[in-house]
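Student: could you work out the structure for the sequence below:
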Amino acid sequence: MIIWNAFNSLPTWHRKMVLILSIMVMMLAAWPSEQAVATRVNDDEPLADASPLDEGEAQPQALARRAAKPSYVTKQVKVRRGDNMGVIFQRIGLNTTDLHLIDQLDGSDPLRMLQPGQELTFKLTEQGELHSLYYPHSLEQALKVSRKDDSFVARPVRLELDTREQVARGEIRSSFWGAAAEAGMTEDQIMDLAAIFGWDIDFAQDLQPGDSFRVVYQDKYQDDERVASGDILAAEFINQGAIYRAVLNEDGNYYTPEGKAMRKSFLRAPVNFKYISSNFNPRRLHPVTGKVRPHNGIDYVAPVGTPIMAAGGGSVVAAGYNQFNGNYVFIKHAGNYVTKYLHLSKLSVNKGQRVKQGQTIGLLGGTGRVTGPHLHYEFVVGGVHKNPRTLDLPQAETLSGRELANFKLLAMPQLAKLDQLDKPELQLAQNKRTNGGN
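Tutor: Predicted coordinates for the structure are as follows:
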């Protein structure tokens, strides 16, 4: 009552102010506050995804320890003569159980073919367990094996090399090998060049002084050091006035500029030989019996154990031994073609087996009735013996349609690189061929 009387005794504008202030206070009291959330922390449980703090360790230091990446010890091991993975694991103190797991992995085959001088890099945990290994087993391929849970995973790694294009040219004075080596070609490149033209040129018998060659090829470099030969991109060989040209296609085969395959259905010679001891001769005097008997094949002389290749794809129709032929293999090819290989020291195929062109079918030897180790090779067409050195071998394949068009686009710049070189002998050889060799 006293408060009311005091309120009524106030001036009118004071009473208004008091009323306004009172209303505002009541409104603030009634305004809803933010909902409170109760959180219960169990001191007995560690925080998720965090290791417990060490007693007495400051929290910032503990957080830094948690964030630190695991450290590894790197060991590089050079392969010694007689080493295998088991020996290396024991040498550096690794668990052979891990080696057994790695050996079962798909893709781990390179680890079974270690070569002296190669290097493996191991990463070990601080406890000395294997974390990963890295093995560059060739110039362009490496193998990476990494631990995953309780086992390992293996994956191939492609090593990038710098590919550079080169040109070589040479003229044969005494030997093809000497001329190619003088031109700066490696042994592999010389063999590749001979293989490209080997269906058309007998490199043991047909080469003459004055023959020449030109090659566009690739070399592979690592850190500015030449480490390997690349592909031959285009090549030309002039042999006794005849011009042969070949260009590498995207399918990995070589073709003439017109799109005809350089590869024939048959190899001209099924062995890398030193010389021919006896040519095809229907009236040859037999060196053992002394009688005139036809020599229906060619005798290629090479070291015992030299691989003998299937001259073409086909099926082995005979493989065995007799006192005359020694170890022998007969192969039936498509059409009416049969090839025969006699006097082998070892057979690598069996009767009924399918073989591919270039596949090793045995090793050169001196078994049977012979005067010395050699391969006796026969080429039979429709039951008639033919001279494989002079026979026109059937073509393997020819490009056509879109494949031919694409090849010609690819071949044009490569052939231009051959043409850009100064080649007066090319024009001379071309004129001889155009005029029929006159």
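
Student: what pairs with the strand or helix carrying Lys220, parallel or antiparallel?
Tutor: Assigned by DSSP states H and E, Lys220 belongs to strand 212-222. Under the criterion DSSP bridges, strand 212-222 sits next to strand 162-171 (antiparallel), strand 225-239 (antiparallel) in its sheet.

Student: pLDDT on the longest one, on average?
Tutor: The predicted model assigns strand 225-239 a mean pLDDT of 89.

Student: residue numbering should commence at 9 henceforth.
Tutor: In the new numbering, first residue 9, that becomes strand 233-247.

Student: packing partners of the next helix-or-strand element following that strand?
Tutor: Scanning forward in sequence from strand 233-247 by DSSP H and E, the next helix or strand is strand 250-256. When contacts are defined as 3 or more Cβ pairs under 8 Å, 6 or more residues apart in numbering; DSSP states H and E, strand 250-256 sits against helix 195-205, strand 233-247, strand 262-263, helix 409-427, helix 432-442. No exception for glycine: its C-beta is placed from N, CA and C like everyone else's.

Student: closest one to Pro315 among these?
Tutor: Pro315 lies closest, by Cβ to Cβ, to one member of the helices and strands packed on strand 250-256: helix 195-205, at 13.5 Å.

Student: which neighbouring elements make contact with that closest one?
Tutor: helix 184-190, strand 220-230, strand 233-247, strand 250-256.

Student: buried residues, it. List them.
Tutor: By 16 or more other Cβ atoms under 10 Å, the buried positions in helix 195-205 come out as 197-205.

Student: from those, pick the one nearest Ile251.
Tutor: Set against Ile251, the nearest of these by Cβ to Cβ is Phe205 (11.0 Å).

Student: partner residues bridging the nearest residue to the closest one once chain neighbours are set aside?
Tutor: Take Phe205 and drop its neighbours on the chain: the residue closest to it by Cβ to Cβ, 6 or more residues apart in numbering is Phe245, 4.9 Å away. On the basis of DSSP bridges, Phe245 is bridged to Phe221, Tyr252.

Student: Phe245 - how many residues pack around it?
Tutor: Phe245 has 24 neighbouring residues, counting by other Cβ atoms under 10 Å.

Student: report the separation between it and Gly178.
Tutor: Separation of Phe245 from Gly178 (Cβ to Cβ, to the nearest Å) stands at 10 Å.

Student: what touches both of these two?
Tutor: 220-221 (Cβ atoms under 8 Å, 6 or more residues apart in numbering).

Student: if we can go back for a sec, hmm, the residue nearest to Phe205 is touching Ile209, no?
Tutor: Yes: when contacts are counted by Cβ atoms under 8 Å, Phe245 is listed as touching Ile209 (6.5 Å).

Student: which residues are in contact with each of the two?
Tutor: Tyr252.

Student: gap between the residue nearest to Phe205 and Glu179?
Tutor: For Phe245, the distance to Glu179 equals 11 Å [Cβ to Cβ].

Student: between these two, which contacts overlap?
Tutor: Residues touching both Phe245 and Glu179 (Cβ under 8 Å, 6+ apart) are 219-220.

Student: which parts of the stretch 59-208 of the chain are helices?
Tutor: 67-75, 93-99, 104-111, 184-190, 195-205 (DSSP state H, counting those that start in this stretch).

Student: for the fourth one, the distance to its chain's centre please.
Tutor: Pointing back at helix 184-190 there. Its chain's C-alpha centre and that of helix 184-190 lie 27 Å apart, by Cα atoms, centre = their mean, to the nearest Å.

Student: could you dump that helix to PDB, C-alpha only?
Tutor: In PDB, the C-alpha atoms belonging to helix 184-190 read as follows (Å, rounded to 0.1, in the frame of the first residue of the first chain):
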ATOM      1  CA  PHE A 184      78.700 -56.200 -92.100                       C
ATOM      2  CA  TRP A 185      79.400 -56.500 -88.400                       C
ATOM      3  CA  GLY A 186      82.500 -54.400 -88.700                       C
ATOM      4  CA  ALA A 187      80.800 -51.700 -90.700                       C
ATOM      5  CA  ALA A 188      77.800 -51.600 -88.300                       C
ATOM      6  CA  ALA A 189      80.100 -51.400 -85.300                       C
ATOM      7  CA  GLU A 190      82.100 -48.600 -87.000                       C
END
